[in-house]
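> need a structure here:
(one chain, ligands or ions: 1)
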Amino acid sequence: MLELQALNYAPATASGPLLQDVALKADIGRPVLVAGASGSGKTSLLEVIAGLSGQQRGSICWKGQELSQRQRRWLGGMVFQFPERHFLGLTIAQELRLGHRRLGGDQQQAALNTVGLANIRLSDAPERLSGGQQRRLALAVQLLRGAELLLLDEPTAGLDWSVRADVLNLLSQLSKQRVLIVVTHEPQLFHDWSCERYQLRNGRLEPVTTLPAA
Ligand SMILES: Nc1ncnc2c1ncn2[C@@H]1O[C@H](COP(=O)(O)OP(=O)(O)OP(=O)(O)O)[C@@H](O)[C@H]1O
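Reported below is the predicted structural model:
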């Protein structure tokens, strides 16, 4: 459903290519996990897929059609590692309405329930939520937008183990109906996750069959 071919990304401000000859396929029901050390290019990869950056070479196709950078911005539901840098709403309710302008109370509550935020106060500022809750809120906005492609940057970073398990369960559930790509520097946390696994090293992506040691 999503297919990247021979992707090269080399912004003018970098001394060399950040992504080189990247190929990847992702489909509904089969989430993709990309592991990589800090600086290997994980966020750059998601940003190019989401149309926040443009590649120099290669193609990104969705359902067999090549997409422009602008079309990718529309398609991709990016959940940043630090969503608080991207919040626009002054309250949680306003933030949710970015995903759906005429949002009814039931839809709002359903989205919050889905991401495990059933009991938060909608009149609070999004910044009052914990880091893990902020990522869930950002995810709820993308679900309300109806994003068919979810791109998650380090969804487990900085969470304690019990919350991590909830996040992994949530991602598994979401991947049954959407194409999902997760990048992480802690792939060991995903050891029993059913997914396609890749390793990113210095901008080069390789499929992996065994996980690196924890
Ligand atoms: N626009 C840019 N211009 C120059 N260098 C960049 C640009 N974007 C990213 N880089 C550099 O490219 C490398 C890869 O960055 P990227 O953020 O994609 O890595 P990452 O794997 O997500 O790292 P981390 O896990 O630390 O967030 C880093 O060395 C970064 O400083």
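
> Kindly tell me how buried the nearest residue to Gln20 once chain neighbours are set aside is, as a neighbour count.
Distances taken as C-beta to C-beta, 6 or more residues apart in numbering place Gly203 nearest to Gln20, at 4.8 Å, with adjacent residues excluded. For the C-beta atoms, the positions are set from N, CA and C on the backbone; glycine is no exception. Gly203 has 23 neighbours, counted by other C-beta atoms under 10 Å.

> Check Ala93 too.
16.

> would it count as being in a helix?
Yes. Checked against DSSP: H, G, I helix; E, B strand; the rest coil, Ala93 lies within a helix.

> Now do the same contact list for it.
108, 122-123 (C-beta atoms under 8 Å, 6 or more residues apart in numbering).

> Then Tyr9?
Counting by C-beta under 8 Å, 6+ apart, Tyr9 has contacts 17-19, 44-45, 48, 53, 55-56, 203.

> what about 6 Å?
Tyr9 makes contact with 18-19, 48, 55, according to C-beta atoms under 6 Å, 6 or more residues apart in numbering.

> Tell me the pLDDT of it.
With respect to pLDDT, Tyr9 scores 97.

> where does the chain come near the ligand, residue by residue?
11, 13-14, 18, 36, 38-44, 185 (C-beta under 6 Å from any ligand atom).

> what residue ranges in the protein are flagged as low confidence?
210-214 (pLDDT under 70).

> Mind doing that once more with 90?
81-86, 98-111, 114, 116, 130-132, 156-170, 189-194, 209-214 (pLDDT under 90).

> Do a quick rundown of the strands in it.
If DSSP state E is used as the criterion, the strands of the chain fall at 2-9, 19-26, 32-36, 57-62, 65-66, 76-79, 149-153, 179-184, 196-201, 204-207.

> Turn those strands into a markdown table, including distance to His100.
Output for the strands of the chain, formatted as a markdown table (distance: least, C-beta to C-beta, whole Å):
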| stretch | distance to His100 |
| --- | --- |
| strand 2-9 | 23 |
| strand 19-26 | 25 |
| strand 32-36 | 27 |
| strand 57-62 | 22 |
| strand 65-66 | 25 |
| strand 76-79 | 13 |
| strand 149-153 | 16 |
| strand 179-184 | 20 |
| strand 196-201 | 30 |
| strand 204-207 | 34 |
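
> Go through those strands and name the closest to Arg136.
Closest approach to Arg136 among those (C-beta to C-beta): strand 76-79, 8.9 Å.

> how about the residues of the chain next to the ligand, which pair is most distant?
Thr13 and His185 (22.8 Å).

> So which of those two has more stuff around it?
The residue with more neighbours, out of Thr13 and His185, is His185; 14 against 5, by other C-beta under 10 Å.

> dump the residue contacts of Gly77.
Contacts of Gly77 by C-beta under 6 Å, 6+ apart are 142, 147, 150.

> change it to 8 Å
Applying C-beta under 8 Å, 6+ apart, the residues near Gly77 are 142-143, 145, 147-151.
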